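J.: Task: produce atomic coordinates for the following.
(chains A and B)
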Amino acid sequence: MDEQRLIDAASRGDLAAFNQLVLSYQSMAYNLAFRILGTGDSAQDATQEAFIKAYRNLGQYRGGSFKAWLLRIVTNSCYDYLRQVQRRPASSLDDLSTDPEYTGQLIDPLEAPSDYALRQELSVLIQQGIATLPIEQRTVLVLSDIEGLSYEEIAQTMDTSLGTVKSRLSRARAKLRDFLLERQELLPSRYRLEND
Amino acid sequence: MNFRTNDHDQLLSASLDGTLSSRDEERVAALLEQDPTARRDLQTLTYTRRLLAETPRVPVPRAFTLNESMAGVRAPQRAGWLAWLQPMHLRVAAAMMAVLLVIFVTGDLGTRLQVAGDAAASALVAPSGGLAPDQGDPTGILAAKTPTTDPAASTATTFLGLPSATLLALEVGLLVLLILLLAASWRLSRL
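T.: Take a look at the predicted model:
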């Protein structure tokens, strides 16, 4: 069944049809939440909350990119999660630091152990760099350079203008570049920038 | 000295994505031609974007599909006296209706058959050409066996002494009630 039919059926209360959509988008939604929030537990909570909100608010979907509409809900769920954490005692803030064990989830059975170890190191550093960015820049960067959304889709997802998307993305890339250049020695040699 | 500006970075970033107008592409080309720092910036931005693209995706730890409870789908709540009503109650009532219906139908049919049998016997006792009642019946037997058209006598020979029309209405009513109870029980069990 194509996406529009699933959306129509889900709008009429067909939970099985909605769950088909969940299975199609859960990887993208979870990865976005994970990159914004930095830990597996918080990303799971935000992703699940986003899908529940999406089901209950399907009547408000007015066509266009369903992916952008859904990722907007995921993004808002992440922001809500961050606001809740900020209201909690300081100890809870530790929960949102980059999870040192999160790379344990990146196991690909087809990957050689040495390659896996290198990618682990890269992932840790990238995630640390993303975590230093302001939340809007973090979101734009993940949507563009990890999830591969177009400027227009990002603008829809974040309910902002194309100009703002371009501006935030260029700042995010520049900051992450500076972060990575300052830590070249921490990167595996394969991922280091070659000097001219 | 770092003389990068936001405009500078934004131009280079958009150039990476291939979203610049031809006029802005010319500006970037001129900038790269003249400024080694700009060339270095473009190189490092390209490098950063490549690293991001190579960042492995995080496997989904579990399915995020919704169950009815999460989706907020609940069985409609019945209020007031309907709240205690269970399909079993309606099925018991339907069974009672069915028993009553069988009693009435079999009783009615039995009575009708008995009356018909009696009428046939009377016909045998009083053959055609016999004495008419007003012609004299010294034993009185003939008068007792002769079918009568008296309404009171007809009522006495129907089931429970009820008029035929009332019996028919009762049977139809019981049948309708039985169907309604079964339908209500089925509907209630699906809520």
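J.: When you work out contacts or count neighbours from here on, use the C-alpha atoms and nothing else.
T.: Will do.
J.: The nearest residue to residue A:192 once chain neighbours are set aside and chain B, how far apart?
T.: Take residue A:192 and drop its neighbours on the chain: the residue closest to it by C-alpha to C-alpha, 6 or more residues apart in numbering or on different chains is residue A:184, 5.9 Å away. Separation of residue A:184 from chain B (C-alpha to the nearest C-alpha, to the nearest Å): 12 Å.
J.: Same question for residue A:173.
T.: Counting by C-alpha to the nearest C-alpha, the gap from residue A:173 to chain B is 7 Å.
J.: what about residue A:23, how many neighbours?
T.: Neighbour count of residue A:23, defined by other C-alpha atoms under 10 Å in any protein chain shown: 12.
J.: Quick one: residues contacting it.
T.: With contacts defined as C-alpha atoms under 8 Å, 6 or more residues apart in numbering or on different chains, residue A:23 is in contact with B:63, B:64, B:65.
J.: re earlier: am I right that the residue nearest to residue A:192 is in contact with residue A:194?
T.: No: here residue A:184 does not reach residue A:194: they are 10.3 Å apart, not a contact under C-alpha atoms under 8 Å.
J.: Could you check which of those two is surrounded by more residues?
T.: Using other C-alpha under 10 Å, the more surrounded residue of residue A:184 and residue A:194 is residue A:184, with 14 against 10.
J.: Return the backbone torsion pair for residue B:85.
T.: phi -70, psi 120 (degrees, to the nearest 10).
J.: and after the lowest-mean-pLDDT helix or strand in chain A, which helix or strand comes next?
T.: Lowest by mean pLDDT, DSSP states H and E among the helices and strands of chain A is helix A:90-93, with a mean of 50. Counting by DSSP states H and E, the next helix or strand C-terminal to helix A:90-93 is helix A:113-131.
J.: What residues sit buried inside that next one?
T.: A:116, A:119-131 (16 or more other C-alpha atoms under 10 Å in any protein chain shown).
J.: rewinding a little: please, a PyMOL command that selects the buried ones among the contacts of residue A:23?
T.: A single PyMOL command selects the buried members of the contacts of residue A:23 (16+ other C-alpha under 10 Å):
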select buried, chain B and resi 64+65
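J.: Which ones, among the contacts of residue A:23, also lie beside chain A?
T.: B:63, B:64, B:65 (C-alpha under 8 Å from any C-alpha of the partner chain).
J.: and residue A:37, how many neighbours?
T.: Neighbour tally, residue A:37, other C-alpha under 10 Å: 27.
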